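# Fold the following, please.
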Amino acid sequence: MQLYQGDCLEFLRTLKPGSVDAVVTDPPYGKVTHAGARTNQKLSIGVTPITFASMSCEDFVSACAEFVRVARRWVVTFCEWQYAAKVEEAGLPLIRLGVWTKTNPMPQLTGDRPGTGWEAVCILHRTGKKKWNGGGSPAVWNHGTTRYGYFGPSNHPTEKPVQLIRQMVEQFSDPGDTVFDPFMGSGTTGVACVQTGRNFIGCEIDPKYFAIAKRRIDEAQGVGTLFDPAKNPSLFSEETS
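Below you'll find the model as predicted:
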């Protein structure tokens, strides 16, 4: 397990093409979505729990291009549903748009419109033979959220349940593969990789969440390794190795 604290977009540019097997990640959403996020836990109604920076559509598309460049196989990324069309318009290899359907969605606290009970999942794959472990099942994942203490304590405002990410990791990679999460957050993808016998590379810019991720992954595997480029020169472009 290799964990890197810093700007993942800078880190991505140092990686060689095809240097990881798969990318499974959950980048920040757009400014409107962040501002509209609400909670009825601890914070007053009307106060957003999301304090980290949002991501524009243009930046998301650019990041997806980097994900495809560094992944030999699948790229699986949660996203604003509005961003998905722009990914395809940019000529990136969008194979399918999936859906996470929440079994315990957050209610619409204002009560003046329907709540949102799902999130979009962009699924990309570079040119070449495709293989996944889901058979003929659809790209639809039904699972509850970590909200209200379901599936353990919440470690991050937009945390995904380990069981959900574990299912994705198992479907889009094989044991022994290297899975990369550029937006590691509280380390859920890393925990899922430990549980399923995958190697993991994670990047997180926020020191608070990096520390949480390291603790959770340490607990899952019994040991943590901070990222050291000198020990992994094969990952990097010639300019940085």
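# Flag the shaky bits of this structure, pLDDT-wise.
Residues of the chain meeting the criterion pLDDT under 70: 30-54, 105-111, 113, 147-154, 156-158, 223-241.
# what comes up buried for stretch 90-98?
For stretch 90-98, a neighbour-count test (16 or more other Cβ atoms under 10 Å) marks 92-94, 97-98 as buried. C-beta coordinates here come from the backbone N, C-alpha and C atoms, glycine included.
# list the contacts for the most centrally placed residue in the chain?
Centroid check for the chain by Cα atoms, centre = their mean gives Thr25 as the closest residue, at 1.7 Å. For Thr25, the contact set (Cβ atoms under 8 Å, 6 or more residues apart in numbering) comprises 67, 76-78, 180-183, 189.
# Could you do Leu97 as well?
For Leu97, the contacting residues are 81, 84, 120-123, 139, by Cβ under 8 Å, 6+ apart.
# for it, helix, strand, or coil?
With DSSP: H, G, I helix; E, B strand; the rest coil as the basis, Leu97 sits in strand.
# And the helices in the protein?
Per DSSP state H, the chain carries helices over the ranges 8-12, 31-36, 57-70, 81-89, 162-172, 188-196, 207-221.
# hmm, back to that, from the contacts of Leu97, which land in strands?
Secondary structure from DSSP state E places 120-123 of the contacts of Leu97 in strands.
# who wins for neighbours among those?
Cys122 (25 neighbours; other Cβ atoms under 10 Å).
# Against Gly98, how distant is it?
Per Cβ to Cβ, to the nearest Å, Cys122 is found 8 Å from Gly98.
# Overlap of the contact sets of these two?
Listed as contacting both Cys122 and Gly98 by Cβ under 8 Å, 6+ apart are Val76.
# need the contact list for the residue lying closest to Glu170 once chain neighbours are set aside.
Spatial nearest neighbour of Glu170, chain neighbours left out: Thr196 (5.6 Å); criterion: Cβ to Cβ, 6 or more residues apart in numbering. By Cβ under 8 Å, 6+ apart, the contact list for Thr196 reads 166, 169-170, 175.
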